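A.B. asks: I would like the atomic coordinates for the input below:
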Amino acid sequence: MARRPVSLALRLTISIGAVITVVLLTFGWMVERSINSHFVQQDVDELNAVVQSLAKSLSGPPASQEPNALRQQLAAAISGHHNAQFRISDLTGNVIYATPNSNLDGFARLAPITDTIDLDSVKIWRDKRQTYRGAVVQLMQKGFPDGKPLTIAVATEINFHLHYLESFRSYLRIITVAACLVAILATWFAVYQGHAPIRRISQEIGRIRSDQLHIRLAPETVPVELTELAMSFNDMLERIEGVFRRLSNFSADIAHELRTPITNLKTQTEVALSQARSIEQYREILYSNLEEYERMAKMVADMLFLAQADNNQLKPELVSVNLAAEVQGLFDYFEAWAEERSVSLIREGPVLRIQGDSLMIRRALTNLLSNAIRYTPEGRAVTVSLAVNSNDMVIICVKNPGLMINSEHLPRLFDRFYRADPSRQRKGDGAGLGLAIVKSIIDTHGGTITAKNEDGQIVFEIKLPRDRDRATYNS
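C.D. replies: Numbers count the residues shown, from 1 in each chain. Here you go, the predicted model:
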């Protein structure tokens with residue numbers, strides 16, 4: 001069983017919530033980095049100020065200065081830097097002075113000596129429960145006779161900075177979680193509200209029933225993104241309404257077509273059984289019944305043919321078909337009927353061949369010719385012309401004068417069960433399936449058929465691929 005896709009609202013909520021979370025975390029990380037860099041720069045400035053104060057104190061006094069006086073002077077040099085500690089030693093490691101209670105010996109031995117204190121040269125180390133940031137620099141002083149440089153290890157306590165950053169991270173986590181929850185809820189609400197037009201359209205669609213197929217959605221009342229959907233649904237509904245209407249008409253047609261032969265069969269049978277009949281009389285009744293059976297059989301055969309066309313089960317047996325010969329054969333077949341109706345039959349154009357199923361092609365032409373003869377007024381002519389167009393397609397035109405059909409109905413004459421005039425009963429083609437059968441046959445052969453009014457005539461034009469393997473010759 002296929003897994004049901006996740007709802008669009010949940011997808012959008014998760015996606016937007018994830019993006020907001022990433023943005024908030026990135027912003028918080030950038031703010032934290034900025035604060036940390038600011039603290040580091042403060043510490044660097046503090047350490048440089050301490051070193052400058054010590055350098056100034058060491059540059060003035062002579063070497064013979066009393067040690068206690070030097071210690072007091074050095075201690076006074078950093079009196080304004082409460083968190084600062086320092087340790088001064090010579091090249092041999094002898095400590096000249098160190099801030100009381102400081103423990104910079106290990107740091108002075110391990111930290112690299114640098115010329116300047118900057119963001120890259122400062123280091124962090126921990127002593128007991130205190131954390132320091134510091135650096136080791138060499139200082140050249142001229143007050144001592146030997147003129148050798150001194151090593152100064154200077155550091156500042158940064159516990160306050162670390163505690164502040166830790167508190168900031170905790171608040172940042174809380175704020176991020178709260179902001180994400182608010183953003184997710186707001187996103188869900190916005191998505192829910194944004195889907196309101198879809199829910200409204202769904203409700204409108206749900207109200208449509210078989211007796212309300214005339215209802216249409218209003219594209220101008222839906223968002224732009226749903227306009228195409230509404231128009232496509234209206235087009236589909238229009239097609240469904242047309243098919244439903246034609247099926248309803250077809251049901252009435254079939255009922256009428258079947259009722260007549262069944263009524264005739266029933267009446268004739270009742271009359272035949274009402275009294276004794278001779279053999280000849282029974283034979284006449286059976287022949288009459290046979291005509292009714294043939295009429296119903298033709299109707300059923302037409303419906304089965306169209307059902308096969310619907311399911312792509314028509315498999316034409318392709319042979320080379322001489323269209324001129326087929327038309328002439330049909331003229332011979334319909335000659336007696338045409339003479340009875342005082343209708344002339346005319347063939348024009350060269351002899352052309354196509355690749356097709358001869359029986360199907362003959363059936364299509366039979367349906368067109370029978371319709372043409374039936375609706376042609378007395379004393380007029382039915383014309384069948386053959387030609388080849390610039391695309392090397394064979395053109396078969398069946399023309400007959402008669403009652404013109406409104407142009408709005410012409411494109412739909414070949415639709416199944418369609419009637420240009422629903423009040424008029426078709427004759428001779430069952431329930432109006434003759435032209436639908438013609439279109440199915442032409443479509444199966446890769447051609448097209450159209451109907452048009454031209455110079456007071458109704459013209460059915462068929463286009464079929466030409467048989468290029470056979471030469472064309474004049475009749």
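A.B. asks: can you list the domains in this structure?
C.D. replies: Annotated domains of the chain cover 8-167, 219-310, 319-465 [automatic domain parsing].
A.B. asks: start to end distance for the last one?
C.D. replies: It refers to domain 319-465. 13 Å (CA to CA, to the nearest Å).
A.B. asks: ok, residue 12 - contacts?
C.D. replies: 187, 191 (CB atoms under 8 Å, 6 or more residues apart in numbering). Quick note: C-beta positions are derived from backbone N, CA and C, even for glycine.
A.B. asks: mind listing the strands for the protein?
C.D. replies: Using DSSP state E, the strands assigned to the chain run over residues 84-89, 95-98, 113-114, 123-127, 130-139, 150-157, 319-322, 344-348, 353-356, 381-388, 393-401, 448-454, 457-465.
A.B. asks: and the first one, how far out from the chain's middle?
C.D. replies: Centre-to-centre, strand 84-89 and its host chain are 72 Å apart (CA atoms, centre = their mean, to the nearest Å).
A.B. asks: that one - contacts with which helices or strands?
C.D. replies: If you count contacts as 3 or more CB pairs under 8 Å, 6 or more residues apart in numbering; DSSP states H and E, strand 84-89 packs onto helix 8-59, strand 95-98, helix 105-110, strand 150-157.
A.B. asks: ranking the domains of the chain by burial, who's on top?
C.D. replies: With neighbours taken as mean count of other CB atoms under 10 Å, the domains of the chain reach their highest mean count in domain 319-465, at a mean of 17.
A.B. asks: if we can go back for a sec, how about the helices and strands packed on strand 84-89 in TSV, adding mean pLDDT and distance to residue 279?
C.D. replies: Converted to TSV, the helices and strands packed on strand 84-89 look like this (pLDDT from 0 to 100; distance: least, CB to CB, whole Å):
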stretch	mean pLDDT	distance to residue 279
helix 8-59	85	79
strand 95-98	79	147
helix 105-110	75	134
strand 150-157	86	134
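A.B. asks: okay if I get those as JSON lines plus distance to residue 383?
C.D. replies: Below are those laid out as JSON lines (distance: least, CB to CB, whole Å):
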{"stretch": "helix 8-59", "distance to residue 383": "61"}
{"stretch": "strand 95-98", "distance to residue 383": "124"}
{"stretch": "helix 105-110", "distance to residue 383": "113"}
{"stretch": "strand 150-157", "distance to residue 383": "111"}
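A.B. asks: between these, which gets nearest to residue 118?
C.D. replies: helix 8-59 (6.2 Å; CB to CB).
A.B. asks: before we move on, back to that, wait, which of the helices and strands packed on strand 84-89 is closest to residue 397?
C.D. replies: Of the helices and strands packed on strand 84-89, the one closest to residue 397 (CB to CB) turns out to be helix 8-59, at 54.3 Å.
A.B. asks: now the angle from the closest one to strand 123-127?
C.D. replies: Computed by axes from the mean of the first three to the mean of the last three CA atoms, to 10 degrees, the angle separating helix 8-59 from strand 123-127 equals 80 degrees.
A.B. asks: and helix 8-59, how far out from the chain middle?
C.D. replies: 44 Å.
A.B. asks: cool, stretch 292-301 as well?
C.D. replies: 48 Å.
A.B. asks: hmm, back to that, okay if I get the domains of the chain as TSV plus distance to residue 173?
C.D. replies: What follows is these, written out as TSV (distance: least, CB to CB, whole Å):
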stretch	distance to residue 173
domain 8-167	8
domain 219-310	38
domain 319-465	69
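A.B. asks: closest to residue 174 out of those?
C.D. replies: domain 8-167 (10.9 Å).
A.B. asks: quick check: end-to-end length of that closest one?
C.D. replies: 39 Å.
A.B. asks: one step back: right, and the strands of the chain - which one's nearest residue 213?
C.D. replies: Comparing the strands of the chain by CB to CB, strand 448-454 comes nearest, at 26.6 Å.
A.B. asks: just checking, what packs against the closest one?
C.D. replies: For strand 448-454, the packing partners by 3+ CB pairs under 8 Å, 6+ apart are helix 434-444, strand 457-465.
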